[in-house]
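Engineer: Dropping the sequence and predicted coords here.
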Amino acid sequence: MSTHWRIVTEQLTAAPPWTTRVVTGAAAGARIRELADHLDAASEAYCTTAAWLTAAATHLPGEPVVLTVGSADGPVAGVAALSRTRRRGIWRIELLGGELNDYGRLHHDDAAAGAALADALAAWVVTEHAAWSLDLAQLPADDPVVAGLLARLPRARLEPGAPIPQIRGIGTDYRVSRNRRRKANNALNRIAADGRRAEQLVVRDRAELERWLPVVTDVRRRRDHACGRRSHLDDPAVRAFHEAFVRDLCAAGALTLDLLLVDDAVAGYGMVVEERGVHRVFDGRVADGLEHYRGALVCDLAATARAEADPSVTTFDWLRGRTDGKFGNHEERRVGLVATSGPAVARLDRWERAARDRVKAALPGAALRRIAAR
């Protein structure tokens, strides 16, 4: 399904007429592939690239939506990749990838295209949906689209995004301390002292990934369950999305899987996405029952050592959330933009959020510490 309309932006300076196109459903994935060069050129991180968005459109629940703006006779200058679902009669609209996104992005070429994208997105949300709730997470605070949506949407407001700890200048301005590296050695020594055999593997080959991907998926699910929470990968759709994207990364030579084996069993793992100048910790867990060997810590320190030794890497990114295992010298902060069609929808959103907070608060402290330890 495709909808076309023209929006003319009135500005103090002359501006071209902007043409807006909206593609939904199955055609949205094809539209993302058409726009791959534009999306990847404007992306800051893996979760705003065409590969990520295509996998999300293919596998994740919800209806994918791709909204684009461009001058009447020119190429696309702005893209919003979204997902919408209908629940209790209300349209829920978020960025494609939803809560799995550590970074959010509304792609645009410049400030004028950003303003046009804000106009088009606001018009689509308001005119195409009677009752709606918009939640766009982890956006850059200085994005002109964010400012435009705040001015154009009713009850729009900003909320602080989840913090993203980082190591800036890894290997130059910041070096991993000897004490931290010693922790990995202590873990390996403990394995030997218990009369067990330790092995560290670095997996980049596609065939090797296929061997280990089901194993680490099982490790992650078991660990999440042991921590008293449902695993994202319990959902077949999310698991299909996760595995498809991991395979895409490996095929592109952009994924490293670190493994710690104890007597051939996975005691911990870490997945790192390697982008230009940045390594990002995409996933990682300790194995339940073997957590005393600190497998995730061993894999994390192997990943930081690799980044530290590579002069092309300037940033090591731990992605969202603070834990004791994440360290560095910088913290990235982003914002979420939320808006609703009316007070009744806003009240329902607050009720649902409070219910989720009550569930989290009911978890015992030991479970929370286990979650933080991955």
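Structural biologist: Yep, it's here.

Engineer: For the rest of this, base every contact and every neighbour count on C-alpha atoms.
Structural biologist: Fine.

Engineer: For the residue nearest to residue 169 when sequence neighbours are not counted, give its distance to residue 172.
Structural biologist: The shortest distance from residue 169 to any non-neighbouring residue, by C-alpha to C-alpha, 6 or more residues apart in numbering, is to residue 314 (4.8 Å). With the distance defined as C-alpha to C-alpha, to the nearest Å, residue 314 ends up 8 Å from residue 172.

Engineer: and residue 176, how many neighbours?
Structural biologist: Close neighbours of residue 176, defined as other C-alpha atoms under 10 Å, add up to 16.

Engineer: Return the backbone torsion pair for the residue nearest to residue 169.
Structural biologist: Backbone torsions for residue 314, taken as degrees, to the nearest 10, come to phi -110, psi -20.

Engineer: returning to that earlier point: residue 314 and residue 172 - which one has more neighbours?
Structural biologist: A count of neighbours by other C-alpha under 10 Å puts residue 314 above the other of residue 314 and residue 172, at 21 against 12.

Engineer: Residue 51: what's it in contact with?
Structural biologist: By C-alpha atoms under 8 Å, 6 or more residues apart in numbering, the contact list for residue 51 reads 245, 248.

Engineer: got the CA coordinates for the host helix or strand of it in PDB?
Structural biologist: Assigned by DSSP states H and E, residue 51 falls within helix 50-59. The C-alpha coordinates for helix 50-59 follow below in PDB (Å, rounded to 0.1, in the frame of the first residue of the first chain):
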ATOM      1  CA  ALA A  50      19.400  -0.800   5.900                       C
ATOM      2  CA  ALA A  51      20.400  -4.400   7.000                       C
ATOM      3  CA  TRP A  52      19.000  -3.900  10.500                       C
ATOM      4  CA  LEU A  53      15.800  -2.200   9.200                       C
ATOM      5  CA  THR A  54      15.200  -4.800   6.600                       C
ATOM      6  CA  ALA A  55      15.600  -7.600   9.100                       C
ATOM      7  CA  ALA A  56      13.200  -5.800  11.500                       C
ATOM      8  CA  ALA A  57      10.600  -5.300   8.700                       C
ATOM      9  CA  THR A  58      10.900  -8.900   7.700                       C
ATOM     10  CA  HIS A  59      10.700 -10.600  11.100                       C
END
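
Engineer: Please enumerate residues in contact with the helix or strand following it?
Structural biologist: Going down the chain from helix 50-59, the next helix or strand is strand 63-71, by DSSP H and E. Strand 63-71 is contacted by residues 16-26, 28-29, 31-32, 57, 76-85, 96, 113, 116-117, 120-121 when judged by C-alpha under 8 Å, 6+ apart.

Engineer: Same check on stretch 159-172?
Structural biologist: 137-139, 174, 176, 307-311, 313-322, 326-338.

Engineer: can you tell me how far the residue nearest to residue 169 sits from residue 273?
Structural biologist: 14 Å.

Engineer: likewise residue 221?
Structural biologist: Per C-alpha to C-alpha, residue 221 is found 21 Å from residue 273.

Engineer: ok, and the residue located most distally from the centre of the chain, which helix or strand is that part of?
Structural biologist: Distance from the C-alpha centroid of the chain, by C-alpha atoms, centre = their mean, peaks at residue 195 (39.8 Å). Assigned by DSSP H and E, residue 195 belongs to no helix or strand.

Engineer: what does residue 22 give?
Structural biologist: Assessed by DSSP H and E, residue 22 sits inside strand 18-24.

Engineer: Tell me what angle the helix or strand following that strand forms with strand 18-24.
Structural biologist: Counting by DSSP H and E, the element after strand 18-24 in chain order, helix or strand, is helix 26-34. Here helix 26-34 runs at an angle of 120 degrees relative to strand 18-24 (axes from the mean of the first three to the mean of the last three C-alpha atoms, to 10 degrees).

Engineer: Helix 26-34 relative to helix 50-59, how many degrees between them?
Structural biologist: Interaxial angle, helix 26-34 versus helix 50-59 (the same axes, to 10 degrees): 170 degrees.
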